[in-house]
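>>> Okay, sequence plus prediction incoming.
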Amino acid sequence: MENALLIGLSRQAVLERQLDVVANNIANVNTSGYKADKSLFEEYLNTPAHEDNFVGGDRRVSFVQDRGTYRDMSQGAVEETKNPLDVAISGSAFLTVQAPGGERYTRDGNLQINNQGQLVTASGYPVLGTGGPIIFQQTDHDINITADGTITVVEGNGRTDSIRGTLRLVSFTDAQQVLKEGFNLYAAGEGGAPQADTKSRVQQGFIEKSNVNSVVEMSRMMEVSRAYTSISTLMQQQAELQKNAIQQLADVPA
């Protein structure tokens with residue numbers, strides 16, 4: 001295969017992967033606490049396609065290599081909901097939840113109370129406090145969540161605040177190493193053991209929106225699509241050129 005076709009194929013493979021990343025970002029533009037993914041590329045130099053009996057050296061061919069993705073951990077816009085169970089985290093901390101596979105972490109502060117009185121995520125996973133799951137009583141009202149995550153309520157007809165727990169906020173030494181899972185959750189992965197975070201603050205009645213810029217991502221999607229089409233056209237022209245050359249060389253005059 002000619003070098004031009006090899007380079008085109010390498011670029012198309014990378015564009016296909018980039019399109020998947022962009023499409024996933026757009027699909028999560030309204031997901032609370034979602035962090036956008038970005039693509040990483042690098043130049044890969046390799047020897048060109050050649051015959052073994054080719055005499056003399058030639059310069060190496062520059063291919064495109066998909067190195068992977070990294071996560072944009074910047075803070076998303078904060079939106080007021082006035083829902084006392086909603087929380088937005090200012091800082092790098094994550095909420096800790098109990099999932100079937102063990103402890104998981106999320107920035108999605110759209111919280112609820114299930115039928116058992118547990119504080120849970122929108123997907124139904126229990127939110128953990130510093131002392132375990134946070135459980136409310138049926139007579140609890142006037143829920144208040146302080147900046148450090150302490151949750152207090154007023155019981156029944158009483159006037160004294162009762163503490164129901166403190167949100168377990170954690171952060172990681174290298175947040176790029178945490179692994180994305182379904183339901184807007186993260187696993188520790190190679191990000192190291194989670195550390196208690198005392199610097200981040202909680203805002204009650206707010207949620208952190210996705211940090212995806214929909215206009216930028218839509219523009220990037222169109223750019224990737226155009227680039228893929230352009231390379232397809234170039235490769236087709238290259239193939240036609242090779243075909244015509246073979247036909248003409250094979251046409252030996254009588």
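Nice, I can see it.

>>> For my notes, confirm residue 220 occurs in a helix.
Yes: per DSSP: H, G, I helix; E, B strand; the rest coil, residue 220 lies within a helix segment.

>>> Tally up the residues packed near the closest residue in space to residue 85 that isn't next to it in sequence, please.
In this structure, residue 85 finds its nearest non-sequential neighbour in residue 111, 4.5 Å apart by C-beta to C-beta, 6 or more residues apart in numbering. Every residue, glycine included, has its C-beta placed from N, CA and C. Number of residues near residue 111 (other C-beta atoms under 10 Å) recorded here: 21.

>>> for residue 148, same thing?
Residue 148 has 12 neighbouring residues, counting by other C-beta under 10 Å.

>>> now swap in residue 237 and tell me
11.

>>> Pretty sure residue 199 sits in a helix.
No: under three-state DSSP, residue 199 sits outside any helix and is assigned coil.

>>> Isn't it up against residue 90?
No: assessed by C-beta atoms under 8 Å, residue 199 is found out of contact with residue 90, at 9.6 Å.

>>> Compare these two and say which is more crowded by neighbours.
Higher neighbour count among residue 199 and residue 90: residue 90, with 15 against 10, using other C-beta under 10 Å.

>>> tell me the contacts of the residue nearest to the more buried one when sequence neighbours are not counted?
Leaving aside its chain neighbours, residue 90 sits nearest to residue 201 (4.7 Å; criterion: C-beta to C-beta, 6+ apart). Counting by C-beta atoms under 8 Å, 6 or more residues apart in numbering, residue 201 makes contact with 89, 90, 91, 147, 148.

>>> correct me, but the second one touches residue 109?
Spelled out, it's residue 90. No: assessed by C-beta under 8 Å, residue 90 is found out of contact with residue 109, at 10.9 Å.

>>> Give me the common contacts of these two.
Residues touching both residue 90 and residue 109 by C-beta under 8 Å, 6+ apart: residue 202.

>>> do you know how far residue 237 is from residue 151?
The gap separating residue 237 from residue 151 is 65 Å, by C-beta to C-beta, to the nearest Å.

>>> swap in residue 145?
Distance of residue 145 to residue 151, computed by C-beta to C-beta: 5 Å.

>>> Spit out the residues that contact the two alike.
With contacts defined as C-beta under 8 Å, 6+ apart, the residues adjacent to both residue 145 and residue 151 are residue 167.

>>> quick one: which of those two has more around it?
Between residue 145 and residue 151, counted using other C-beta under 10 Å, the more crowded position is residue 151 (25 against 22).

>>> The more buried one: helix or strand, and which one exactly?
In this structure, residue 151 sits in strand 150-155 according to DSSP states H and E.

>>> now swap in residue 89 and tell me
Short version, using DSSP H and E: residue 89 is in strand 87-90.

>>> what residues are up against residue 8?
Neighbours of residue 8 in contact, by C-beta under 8 Å, 6+ apart: 231, 234, 235, 238.

>>> As TSV, the residues you listed with pLDDT would be great.
Converted to TSV, these look like this (pLDDT from 0 to 100):
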residue	pLDDT
231	84
234	81
235	81
238	78
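
>>> Of those residues, just say which sits nearest to residue 155.
For those, the closest approach to residue 155 (C-beta to C-beta) belongs to residue 231, at 66.4 Å.

>>> What is the burial count for that closest one?
Residue 231 has 17 nearby residues by other C-beta under 10 Å.

>>> returning to that earlier point: show me what the strand holding residue 151 is in contact with.
With C-beta under 8 Å, 6+ apart as the test, strand 150-155 has contacts from 119, 129, 134, 136-137, 139-146, 160-167.
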